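S.K.: Give me coordinates for this.
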Amino acid sequence: MTAPRLLVVGDLVSDIRVAPDGPVAVGEEVAGRISISGGGSAANQAAWLARLGAAVTFVGRVGDDLIGSALVEELERAGVTVGAARDGRYPTGTVACLIGEEGERSLVTSRGANAYLRASDLDESCWAEAEVLVLTGYCFTAPTSAPAGRTLMAEAHRRGVPVALDPASARLFAAYPGAPLLREQTSGARWLFPSSSEARALAPADSDHQAARDLLRSYHGVAVTRGAAGCVVASRDAPDPVTVAAVHPERIVDATGAGDAFAAGFLYAWLKGYLPEAAALKGAEVAAGALATEGARPPPPPPDAGSRLPNLGL
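M.R.: Prediction:
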């Protein structure tokens, strides 16, 4: 069977991870670990998809700077075909990640050139043989990039290409364009991958199951991620929401990118013919690998391991 082919569009940023060895106090210094690597929700999904064996094309926007060049090269080394537009006005985006004792993270984002994504950044050839268009909500959360998000949604619908969407941040889309308008603009997506907070922002409800059911009025399928509580999956073909348990690693190192890994694992399995509940379990397995890894991207494969993650059965 040929490898699934996906077109991923969205943010490519530099992740600066700060993991203090103890509590941080105002005006005081604490030892810890600081590292820099590639990030961005869309780019992370592209890297995990490539690691699973998919043929992935990524399109985004970076600054005309050394950091942008390094990020493109890093993503290419991960097996992704990268089409990154160079922006001479704005720098490459950066995210600062403060990692807590339990691996949870707090983020401060400077989107830089990502906020100026254009639909014209995609060459016609990018659509060739694409089985799914993967977008993130970040495309819709700035007035300067939202037109590109809307245009790409419309173009995918015109071409009959299913869209998978990660809403990305409830706080950001609440500020712009607002939850109701984001839901309207992204209606018709084949799969939505919201966190619990994002799902309830888009569909106010008392439970994730209720939110998932409501979201089916706008989307064909929904997988609500809930961290250690697993996920809730529903589709128009099977509208009764089902809970899928999380897969827990022996030790959580870093939660950064776990949601992106889940979406990648789910989509890869779904394109391989898995039913949604089984695809969600595969997503949970890939997410567990992300939780056990420092940073948002897959670890380099061991020698002679090929492109597949171990023990996933994909």
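S.K.: List the beta-bridge partners for the closest residue to Gly83 other than its chain neighbours.
M.R.: Using CB to CB, 6 or more residues apart in numbering and skipping residues adjacent in sequence, the residue nearest Gly83 is Val59, 4.6 Å away. For every residue, glycine as well, the C-beta is placed using N, CA and C. In this entry, Val59 is beta-bridged to Val9, Gly83, by DSSP bridges.
S.K.: ranges for the strands of the protein?
M.R.: 5-9, 13-20, 32-39, 55-63, 81-87, 93-99, 105-110, 132-136, 163-166, 191-192, 221-225, 231-235, 238-244 (DSSP state E).
S.K.: tell me the most buried of those?
M.R.: Mean neighbours per residue, mean count of other CB atoms under 10 Å, is largest over these for strand 221-225, with a mean of 28.
S.K.: Who are the packing partners of that strand?
M.R.: strand 191-192, helix 196-202, helix 208-215, strand 231-235, helix 258-271, helix 276-291 (3 or more CB pairs under 8 Å, 6 or more residues apart in numbering; DSSP states H and E).
S.K.: let's see it at 6 Å
M.R.: Using 3 or more CB pairs under 6 Å, 6 or more residues apart in numbering; DSSP states H and E as the contact test, the elements touching strand 221-225 are helix 208-215, strand 231-235.
S.K.: for these, which one sits closest to Gly160?
M.R.: strand 231-235 (18.4 Å; CB to CB).
S.K.: Neighbouring strands - and their directions - for the closest one?
M.R.: Note on strand 231-235: by DSSP bridges, its sheet partners are strand 221-225 (antiparallel), strand 238-244 (antiparallel).
S.K.: got the angle for it vs helix 276-291?
M.R.: Counting by axes from the mean of the first three to the mean of the last three CA atoms, to 10 degrees, strand 231-235 points 150 degrees away from the direction of helix 276-291.
S.K.: what number of residues lie near the spatially closest residue to Pro4 that is not a sequence neighbour?
M.R.: If the residues on either side of it in the chain are set aside, Pro4 comes closest to Leu271, at 3.8 Å by CB to CB, 6+ apart. Leu271 is flanked by 19 other residues according to other CB atoms under 10 Å.
S.K.: Then Pro162?
M.R.: Neighbours of Pro162 using other CB under 10 Å come to 20.
S.K.: For the nearest residue to it once chain neighbours are set aside, give me the pLDDT.
M.R.: In space, Pro162 comes closest to Arg190 once its chain neighbours are excluded; the distance is 3.6 Å by CB to CB, 6+ apart. On pLDDT, Arg190 comes in at 98.
S.K.: Identify the residues contacting Gly257.
M.R.: By CB atoms under 6 Å, 6 or more residues apart in numbering, the contact set of Gly257 is Asn44, Ala290, Ala296.
S.K.: Quick one: neighbours of the first one, just the number.
M.R.: Spelled out, that is Asn44. Applying other CB under 10 Å, we find 34 residues neighbouring Asn44.
S.K.: and what of the one 10 residues further on?
M.R.: Summarising burial for Ala54: neighbours were counted as other CB under 10 Å, giving 25.
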